[in-house]
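# Give me a model of this one.
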Amino acid sequence: MVRLRGFVLAGIAFVACSEPDDGEIASALDPVAVLARASLDLRGVRPTAKELAAIEADPTRLDSMIADFADDPRFGDRIKEMFAGAWRTRVDDYPLPEGAYDEATAAQIMAAIGEEPLDLIAHIATEDLPYTHLVHSPDTFVDPVLLELWPLEAVTDDGTAVPPGTVRARYLDGRPQAGVLTYNAVFWRHSSTVENANRGRTNAMSQALLCQSYLDRPIDFPSNLDLTDSESIRNAIATNPACQGCHSTMDPFASYFWGFMYGEPDAPQGTYAVELERSWQVYTGTAPAFFGVPGQRMADLADHIAGDERFIGCAVRLVYEGMLGRDATIEDEGALAVHREAFLDGELTLRSLVRSVLRDPSYRGVKATPRFGGSPEPVVRKVSPVDVMARSIATLSGYALATGGRPTTRLDAGLRTIAGGSDRGDATNVSTGAILVQRRLAEAGAIHAVDAALAGTDGGGTLAPWLAENDLQVAPEPDALVELARIARSQILTPDDDEILALATMWTEVATISTTRDAWIAVVTTALADPDHLIY
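I've put the predicted structure just below:
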């Protein structure tokens, strides 16, 4: 039995259909649910009515259909979102060099900076390049606005596609060509003082590339250390065994990054300083090395990272966690090993990794033991990432909420924090804030879609043809509400289903106290505000 849950929106009472009670959830997802989950995870939108009909007619087509989602043009955007929490470059503001920037240009620049490392990942994913290209690429892919800000030059296309809205470019200031290891966006986001000596940056790199944080290590901190005395701190780092437990590998790693040391961290420069690369000799006395393997410049560091098993394992973990919607635990190690093998067999292409996770029993809600052991928790329901929820509603309605040309749900000053997200990634639990954000987006989207249909124009969403087929001056027929559930929620219902009857009753009650326009807005809002958009 399905529970009906009521809420009030703009003074009008609504009834929203919630997920089934826990005791009624099956042990595995049906083919339609898997189709919807894979479409949202790989394309950021719900399956089309045609795709739903194909699965209804022949459920055996499921595997091939969802594997093909990785070939969709929107796949690159979803890969970016899976890795965004690791790089943490999608923040509201970046301090810009001195100059005159109008509000729109400044917003465009700050959004473009945050996408730099992620657009390389999207390029790697969509062009089936090996993941090691992340630290070996000689090029970057940027919004053209950054060509005016940084020492970049657009380069001749090599025949491969570039992420939408970007150009292929190369830095001209003598920096090593080592992919994300030499991107301005990464070092502008993770700044450092001379006193910190790039250590914070090193930890950020370790987290993003190796999935290991120095801050997670237990530290037996010396109680007699004077934290106000720089010389005392330097001496402890060099001689105290507790400090050396981290600094023996962190400081050599950090010594690679002195070319990005700016005099004022809050006013970063765009140009790399080749002459500062060996400043470690002055400030720390620690030569560059990667976990005991010495090197000279960033190209050496790139080779060391590309050859480190943790680099590959980290990519597997990020994609696995991104698709399952939860953190991996010790019980997931066997499954991660399975996907690591598939990743290696697929020549380290992200498509091969994603397609491996699509076949994972846990992803489809089934309890199983991987051949390498463990007992992963099956994901019967997962919390929608903020970007997926917002994009899905925008695609359906044709209305996307933006602030200064940037998605409002991607800004902490907008709706991201309220919805439970941050630059570190998305929440794994539904919060009250996420429900409120969804309902506001649903209401705004419904008003846009219905008013466009009443005006005889195309609202731009996938619901527009459905609205155009209906007479918006009268109550919707049950069959029309069934079709609404298919398009907006990927639910296959019948005209006598309790949810359909509830929607019909709601339309009548709203029309009685208001107008037929408001009644149609109520129906569409309810479809877009359904928990299916928050948990799928």
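
# Please, where are all the strands along this protein?
4-9, 12-17, 140-142, 152-154, 167-171, 289-290, 293-294, 402-403, 406-407 (DSSP state E).

# OK, contacts around Gln269?
Pro97, Tyr262 (CB atoms under 8 Å, 6 or more residues apart in numbering). Every residue, glycine included, has its C-beta placed from N, CA and C.

# roughly how far apart are it and Asn470?
58 Å (CB to CB, to the nearest Å).

# ok, now Asp119?
41 Å.

# So those two - more neighbours on which side?
Asp119 (24 against 17; other CB atoms under 10 Å).

# how close does the more buried one sit to Ala522?
40 Å.

# my guess is Leu534 contacts Leu436, does it?
No - Leu534 is beyond contact range of Leu436, at 11.1 Å (criterion: CB atoms under 8 Å).

# The two: which has the busier surroundings?
Counting neighbours by other CB under 10 Å for Leu534 and for Leu436 shows that Leu534 has the greater number, 23 against 13.

# Now do the same contact list for the more buried one.
Per CB under 8 Å, 6+ apart, neighbours of Leu534: Val383, Ser384, Met389, Val430, Ala434, Ile435, Gln438.

# now do Leu324
Per CB under 8 Å, 6+ apart, neighbours of Leu324: Val357, Asp360, Ser362, Tyr363, Val379, Lys382.

# Same check on Asn184?
Applying CB under 8 Å, 6+ apart, the residues contacting Asn184 are Ile113, Glu116, Trp150, Tyr171, Pro268, Gly270.

# Residue nearest the middle of this protein, spatially speaking?
Central residue of the chain (CA atoms, centre = their mean): Glu81, 1.9 Å from the mean position.

# per-domain residue ranges of this protein.
4-25+383-533, 76-182, 195-306, 309-364 (automatic domain parsing).

# Just give me the neighbour total for the nearest residue to Ala208 once chain neighbours are set aside.
Nearest in space to Ala208, with sequence neighbours left out and distances taken as CB to CB, 6 or more residues apart in numbering, is Ala86 at 4.4 Å. By other CB under 10 Å, 23 other residues sit near Ala86.

# Thr505 too?
Thr505 has 11 nearby residues by other CB under 10 Å.

# Next one: it from Leu481, what distance?
Counting by CB to CB, the gap from Thr505 to Leu481 is 11 Å.

# now Gly425
36 Å.

# and if you look at Val145?
Counting by CB to CB - Val145 and Leu481 are separated by 46 Å.

# Ok, Pro138 next?
Taking CB to CB, one finds Pro138 at 55 Å from Leu481.

# quick one: which of these two has more around it?
Leu481 (24 against 14).

# tell me the pLDDT at the more buried one?
Per-residue pLDDT puts Leu481 at 98.

# quick one, what contacts it?
Counted by CB under 8 Å, 6+ apart, Leu481 has contacts Pro495, Ile500, Leu503, Ala504, Val523.

# same question, Glu477
Glu477 neighbours (CB under 8 Å, 6+ apart): Asn470.

# What values do phi and psi take at it?
phi -70, psi 150 (degrees, to the nearest 10).

# From the contacts of Asn184, which one has the minimum pLDDT?
The minimum pLDDT among those falls on Pro268, with 79.

# Run through the residues that contact that residue.
Pro268 neighbours (CB under 8 Å, 6+ apart): Pro95, Pro97, Asn184, Phe187, Trp188, Ser191, Tyr262.

# Tell me the one of these nearest Gly334?
Gly334 lies nearest to Phe187 out of those, by CB to CB, at 37.1 Å.

# In the stretch 1-150 of the chain, what residue spans correspond to helices?
According to DSSP state H, counting those that start in this stretch, the stretch 1-150 of the chain carries its helices in the segments 31-43, 49-57, 62-68, 75-87, 103-126.

# Looking at those, which is nearest to Cys211?
Judging those by CB to CB, what sits closest to Cys211 is helix 75-87, at 7.8 Å.

# That closest one to helix 103-126, inter-axis angle?
Orientation of helix 75-87 against helix 103-126 (axes from the mean of the first three to the mean of the last three CA atoms, to 10 degrees) gives an angle of 110 degrees.

# For helix 75-87, which helices and strands make contact with it?
Counting contacts by 3 or more CB pairs under 8 Å, 6 or more residues apart in numbering; DSSP states H and E, helix 75-87 is packed against helix 31-43, helix 103-126, helix 199-210, helix 309-324, helix 350-358, helix 386-397.

# go again using 7 Å as the cut-off
Counting contacts by 3 or more CB pairs under 7 Å, 6 or more residues apart in numbering; DSSP states H and E, helix 75-87 packs against helix 31-43, helix 103-126, helix 199-210, helix 309-324.

# tell me how far that helix is from the chain's mean position?
4 Å (CA atoms, centre = their mean, to the nearest Å).

# Export only the CA atoms of it, formatted as PDB.
Taking Å, rounded to 0.1, in the frame of the first residue of the first chain, the C-alpha atoms of helix 75-87 are listed here in PDB:
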ATOM      1  CA  PHE A  75      27.500  11.600 -19.500                       C
ATOM      2  CA  GLY A  76      30.400  14.000 -19.200                       C
ATOM      3  CA  ASP A  77      28.500  16.400 -16.900                       C
ATOM      4  CA  ARG A  78      27.600  13.500 -14.600                       C
ATOM      5  CA  ILE A  79      31.200  12.400 -14.400                       C
ATOM      6  CA  LYS A  80      32.200  15.900 -13.500                       C
ATOM      7  CA  GLU A  81      29.600  15.900 -10.600                       C
ATOM      8  CA  MET A  82      30.900  12.500  -9.300                       C
ATOM      9  CA  PHE A  83      34.400  14.000  -9.000                       C
ATOM     10  CA  ALA A  84      33.500  17.500  -8.000                       C
ATOM     11  CA  GLY A  85      33.500  16.700  -4.300                       C
ATOM     12  CA  ALA A  86      37.000  15.400  -4.500                       C
ATOM     13  CA  TRP A  87      38.500  18.500  -6.100                       C
END
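
# That helix - what's its average pLDDT?
Mean predicted lDDT for helix 75-87 stands at 98.

# got a list of contacts for that helix?
41-44, 90, 117-118, 121-122, 125-126, 163, 186, 207-208, 318-319, 322, 350, 385, 387, 424-425 (CB atoms under 7 Å, 6 or more residues apart in numbering).

# Show me the shaky parts of the chain.
Scanning the chain for pLDDT under 70 picks out 1-27, 217-245, 265-266.

# related to what we said a few turns ago, tell me which of the helices and strands packed on helix 75-87 is the most buried.
helix 31-43 (a mean of 23; mean count of other CB atoms under 10 Å).

# Packing partners of that one?
helix 49-57, helix 62-68, helix 75-87.

# Most tightly packed of these?
Buried most deeply of those, by mean count of other CB under 10 Å, is helix 75-87, with a mean of 23.
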